[in-house]
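Attaching a predicted model along with its sequence, questions to come.
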Amino acid sequence: MTTHLSDCQLVSPTLALHEAFEAFVDDFVLYDGPNSAEYLPCMANFSEYIRMLKREGHHSNRSNSAILCHHFWLYHAKTEHIYGAIRIRHPLGNQFLRTEGGHIGYHISPSYRQQGLGKLMLKLALPKAKELGIDKVLITAKEDNMASRAIIEACGGRLEEIVYGPILGYRIARYWINLSGEHNQ
């Protein structure tokens, strides 16, 4: 089933979307086991998972050097389906984020890849990053993940370099997207 892209929006995680998120996780378990590990633990206590995601995006209970992480889901209200999850992290307060992780990380549900949803989700997230005060966004992808790299490039990403990521253990393409309205360097 092809999704009408114009009907998708980024929404904040909420308890009301428990069933839709469970279907999102099930799709990862079936078709992308390695990435399902990120989402499986939340299913044991979904309400605590939602509270945790919300806490990660608030300054309260954080030091000035803490990294904030804002979570969004690509949601289609008509089908009541979550097609993707995206995180915006700032500032890049540790070596992992500065080198390997970047400001934005995302996943598209495996059954719905290659339909333009990754590009849509990243395009919807960039204005949110700007609202958070990020003028230049670092986004990374595994060097051989050409689909993710194409999404980043389609959204204005300019390749800075390819480096070895010692924590992730593979080569990483590092891209920058300038949100200040000036040309990317």
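Received, thanks.

CA only for contacts and neighbour counts going forward, please
OK.

Quick one: the strands in the protein, in order.
Under the criterion DSSP state E, the chain contains strands at 8-11, 68-76, 81-90, 104-108, 136-142, 158-165, 170-178.

In CSV: those, plus mean pLDDT.
Below are those laid out as CSV (pLDDT from 0 to 100):
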stretch, mean pLDDT
strand 8-11, 97
strand 68-76, 97
strand 81-90, 97
strand 104-108, 96
strand 136-142, 98
strand 158-165, 98
strand 170-178, 98
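
among those, which is nearest M43?
strand 81-90 (15.0 Å; Cα to Cα).

quick one, helices of the chain?
18-31, 33-36, 46-56, 95-96, 117-131, 146-154 (DSSP state H).

Any regions of the chain where pLDDT drops low?
1-3, 60-65, 182-185 (pLDDT under 70).

Mind putting the strands of the chain into TSV with distance to E22 and mean neighbour count?
Output for the strands of the chain, formatted as TSV (distance: least, Cα to Cα, whole Å; neighbours: other Cα atoms under 10 Å):
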stretch	distance to E22	mean neighbour count
strand 8-11	16	19
strand 68-76	13	23
strand 81-90	9	23
strand 104-108	14	20
strand 136-142	26	23
strand 158-165	31	15
strand 170-178	30	20
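
Out of the helices of the chain, which is closest to N178?
That would be helix 117-131 among those, by Cα to Cα, at 9.7 Å.

what residues are up against the closest residue to F72 other than its chain neighbours?
Excluding its sequence neighbours, the residue lying closest to F72 (Cα to Cα, 6 or more residues apart in numbering) is S12, at 4.7 Å. Each residue near S12 by Cα atoms under 8 Å, 6 or more residues apart in numbering is listed here: H71, F72, W73.

Ok, H107 next?
H107 makes contacts with G84, A85, I86, G118, as judged by Cα under 8 Å, 6+ apart.

of those, closest to E38?
So of the contacts of H107, ranked by how close each gets to E38 (Cα to Cα), first place is A85, at 11.1 Å.

which non-adjacent residue is nearest that closest one?
W73 (4.5 Å).
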